[in-house]
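Visitor: I need the structure of the sequence given here:
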Amino acid sequence: MALVSEFLSQLTLSHSGEREPLYPTVVPVRDFDPARDAARLEAALKVKGVDEQTVIDILTRRTYEQRREIAFDYERIAKKDLTVALKGALSGSLEALMLGLMKSPTQYDASMLNGAMKGLGTDEETLNEIVCSRNNEELAQIKAVYREMFKKDLEKDVAGDTSGDFAKLLLALIQNKRDEPSNVVEYQQIDDDARSLYEAGVKRKGTDVTVWIAIMTQRSVPHLQRVFERYMSYSPYDMKESIMKEVKGDLEKSFLTLVECVENKQLYFANRLNEAMKTKGAKEKVLTRIMVSRCEVDLMKIRNQFKKQHKRSLYQTIVEHTKGDYQMALLSLCGGDD
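Guide: Now for the predicted structure:
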């Protein structure tokens with residue numbers, strides 16, 4: 001029964017009510033032996049100079065559940081916490097990636113959000129990416145885990161670290177007000193919402209942002225996909241063009257992220273990865289965050305979208321823009337060339 005429930009937890013409901021499988025690049029390894037992996041890790045971390053390749057081979061090719069079993073056996077064998085051992089043996093981007101893999105996807109999201117609001121200044125880019133791209137269930141889990149890990153309330157932290165309409169948008173998403181997908185297509189509601197978006201923005205002088213926030217954070221994803229199509233019959237611009245004309249700054253970025261994730265979430269992440277590797281020095285924090293958080297979710301689909309959109313594979317782009325052990329870890333998470 002445990003295996004059945006674990007399998008079912010890997011599935012999500014599509015808007016047609018059918019179960020839709022995930023598209024991970026990291027899947028459970030066959031003939032899994034946590035004690036053997038733990039012993040190999042102990043030897044790799046103990047050796048002078050550290051055997052990074054063995055660490056990469058094991059941790060990037062096991063699922064979170066398997067890594068958790070390895071960590072249990074590692075502590076039994078080495079009398080030391082595996083996370084502590086990794087911190088002591090690794091450094092830089094490779095360390096950040098490996099420590100990320102030792103958390104569950106929800107714990108990782110919660111820790112990224114906490115890090116984005118820690119200390120002076122706020123990393124709006126990280127807040128925006130995570131909050132605007134996760135669904136109701138994921139956000140509910142993140143809130144619960146955030147409280148568990150940091151003894152603080154995510155909503156209160158976001159409200160304290162952001163302001164204005166940007167804060168209102170993020171908080172509306174965190175409050176899980178979005179409708180669940182339905183098999184019933186509400187044609188009148190679609191038309192009403194499309195017209196409301198137009199009348200609250202492009203049609204008038206000044207934007208009624210509250211209308212935009214309400215519709216974009218409360219309607220289901222399939223409904224919004226139809227709304228954005230219908231919107232074109234009212235507006236001379238598509239939804240993204242309208243956003244760029246009407247609002248600026250963090251609010252603009254959040255609305256754009258929301259629209260892009262509604263239209264094609266995997267393409268959104270593919271574009272984020274491409275953007276992170278455009279410049280000479282790759283934005284390793286962004287690369288790590290997306291590769292770690294999506295490798296057990298939909299990285300295979302992100303890879304496909306990357307190739308389609310940018311005419312080269314994600315694998316080859318990683319080869320061109322990163323180096324060393326960090327590159328090897330990313331390539332392993334990537335799961336192959338296209």
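Visitor: thought Gln141 was touching Thr106?
Guide: Yes. If you go by C-beta atoms under 8 Å, Gln141 and Thr106 touch, sitting 4.7 Å apart. (C-beta placed from N, C-alpha, C; glycine too.)
Visitor: For the two, indicate the residue with more neighbours.
Guide: Using other C-beta atoms under 10 Å, the more surrounded residue of Gln141 and Thr106 is Thr106, with 22 against 17.
Visitor: Is Val227 within a helix or a strand, and which one?
Guide: helix 221-231 (DSSP states H and E).
Visitor: list the buried ones in that helix?
Guide: Buried positions in helix 221-231, judged by neighbour count with 16 or more other C-beta atoms under 10 Å: 221-228, 230-231.
Visitor: how about TSV for those residues, with distance to Ile77 added?
Guide: Listed next are the buried residues of helix 221-231 as TSV, based on distance: C-beta to C-beta, whole Å:
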residue	distance to Ile77
Val221	46
Pro222	49
His223	52
Leu224	51
Gln225	51
Arg226	55
Val227	56
Phe228	54
Arg230	60
Tyr231	59
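Visitor: quick one on the thing from earlier: now for the helix holding Val227, which elements pack on it?
Guide: helix 187-200, helix 209-218, helix 239-246, helix 249-276 (3 or more C-beta pairs under 8 Å, 6 or more residues apart in numbering; DSSP states H and E).
Visitor: Those helices: which one's closest to Ala116?
Guide: Among the helices and strands packed on helix 221-231, the nearest to Ala116 by C-beta to C-beta is helix 249-276 (12.2 Å).
Visitor: after that closest one, next one along is what?
Guide: Trace forward from helix 249-276 with DSSP H and E and the next one is helix 284-294.
Visitor: Tell me where the stretch 1-150 of the chain has helices.
Guide: 2-9, 34-46, 52-59, 64-78, 82-89, 92-101, 105-117, 124-133, 136-150 (DSSP state H, counting those that start in this stretch).
Visitor: Would you format these as a markdown table with distance to Ser332 and mean pLDDT included?
Guide: What follows is the helices of the stretch 1-150 of the chain, written out as a markdown table (distance: least, C-beta to C-beta, whole Å; pLDDT from 0 to 100):
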| stretch | distance to Ser332 | mean pLDDT |
| --- | --- | --- |
| helix 2-9 | 23 | 40 |
| helix 34-46 | 15 | 97 |
| helix 52-59 | 6 | 98 |
| helix 64-78 | 13 | 98 |
| helix 82-89 | 16 | 97 |
| helix 92-101 | 10 | 98 |
| helix 105-117 | 17 | 97 |
| helix 124-133 | 23 | 97 |
| helix 136-150 | 25 | 97 |
